[in-house]
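**Q** Let's see this in three dimensions:
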Amino acid sequence: MTVETPGARRQQIEDAASALFRERGYAATSVRDIAQALNIQGPSLYAHVASKEDVLWSIVIRAAGRFNEEVGPVAAGRDSAAPQKLRDMIRGHAAVVTSSQKDAAVFLHEWRFLSADRRADVARRRDAYEALFRGVIDEGMRTGDFHTVDSRLTAMAILSALNGIATWYRTDGPLTADQIADQHADLFLQALQNPAPEMHS
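**A** Sure thing, here's the model as predicted:
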């Protein structure tokens, strides 16, 4: 007989809620909907979660953590030049969006339903994450790899494009997740990079 741990049930609740929040939106999803998706009674849900907002908060923080785990070490690395770092960061962000599509979509679109304190926390996390991209773009401008751009606007454009993947990506689509990531990286790096100097004999 398999004994289900509280942690495993909590994970099931968050996964079910993530799918429903993405499909219907947070506001249109009730605790009863989440319980029905798991074939349990509504009151049983409260043995594992304090509220619907707590479930949303857990999903949002889980997604934020995944983005930082994937992209943060790349941005902090010292072994690669800015163009390669930015390419790897774009690939890392796209990988999280495509591999955790439900969580990513909830993080990107439903976080505004959190309480004011939690919204402020998410906003700080998002600003800090965007700063990773700004920093690498600034680095590329200092080294001459990138031409002069507004790094804040450019980082926002990159992240907006990558985040949009969550709304249209399909595992059975014409492009693989890796191909989508590479094409986004090519697009932005071609726009940012200075042409290589010509070699004269």
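**Q** Spit out the contact partners of the residue nearest to residue 155 when sequence neighbours are not counted.
**A** In space, and not counting its chain neighbours, residue 155 is closest to residue 133: 3.8 Å by C-beta to C-beta, 6 or more residues apart in numbering. Glycine gets a C-beta too; all of them are placed from N, C-alpha and C. Applying C-beta atoms under 8 Å, 6 or more residues apart in numbering to residue 133 gives the contacts 75, 86, 89, 154-155, 158-159.
**Q** what does residue 141 give?
**A** By C-beta under 8 Å, 6+ apart, the contact set of residue 141 is 147-149, 151.
**Q** at 10 Å what do you get?
**A** Applying C-beta atoms under 10 Å, 6 or more residues apart in numbering, one finds that residue 141 lies in contact with 82, 147-149, 151, 154, 192, 194.
**Q** Among the contacts of residue 133, which lie within helices?
**A** Secondary structure assignment by DSSP state H places 75, 86, 89, 154-155, 158-159 of the contacts of residue 133 in helices.
**Q** quick one: which two of those residues are the most distant?
**A** 75 and 154 (14.7 Å; C-beta to C-beta).
**Q** Going by neighbour count, which of the ones in helices among the contacts of residue 133 comes out on top?
**A** In terms of neighbours by other C-beta atoms under 10 Å, the ones in helices among the contacts of residue 133 top out with residue 86 at 28 neighbours.
**Q** What about the closest residue to it other than its chain neighbours, how many residues nearby?
**A** Closest residue in space to residue 86, ignoring its immediate chain neighbours: residue 136 at 5.1 Å, by C-beta to C-beta, 6+ apart. When neighbours are defined as other C-beta under 10 Å, residue 136 has 28 of them.
**Q** where does the chain have its least confident helix or strand?
**A** Here the helix or strand of the chain ranked lowest by mean pLDDT, DSSP states H and E is helix 42-45, holding a mean of 72.
**Q** tell me which residues in it are buried?
**A** Of the residues in helix 42-45, residue 45 count as buried by neighbour count, 16 or more other C-beta atoms under 10 Å.
**Q** helices and strands around it, which ones?
**A** Helix 42-45 sits against helix 6-24, helix 31-37, with contacts defined as 3 or more C-beta pairs under 10 Å, 6 or more residues apart in numbering; DSSP states H and E.
**Q** now those in CSV, with distance to residue 141?
**A** Converted to CSV, those look like this (distance: least, C-beta to C-beta, whole Å):
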stretch, distance to residue 141
helix 6-24, 37
helix 31-37, 47
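**Q** Could you check those and tell me which one is nearest residue 167?
**A** Closest among the helices and strands packed on helix 42-45, using C-beta to C-beta: helix 6-24, at 9.7 Å.
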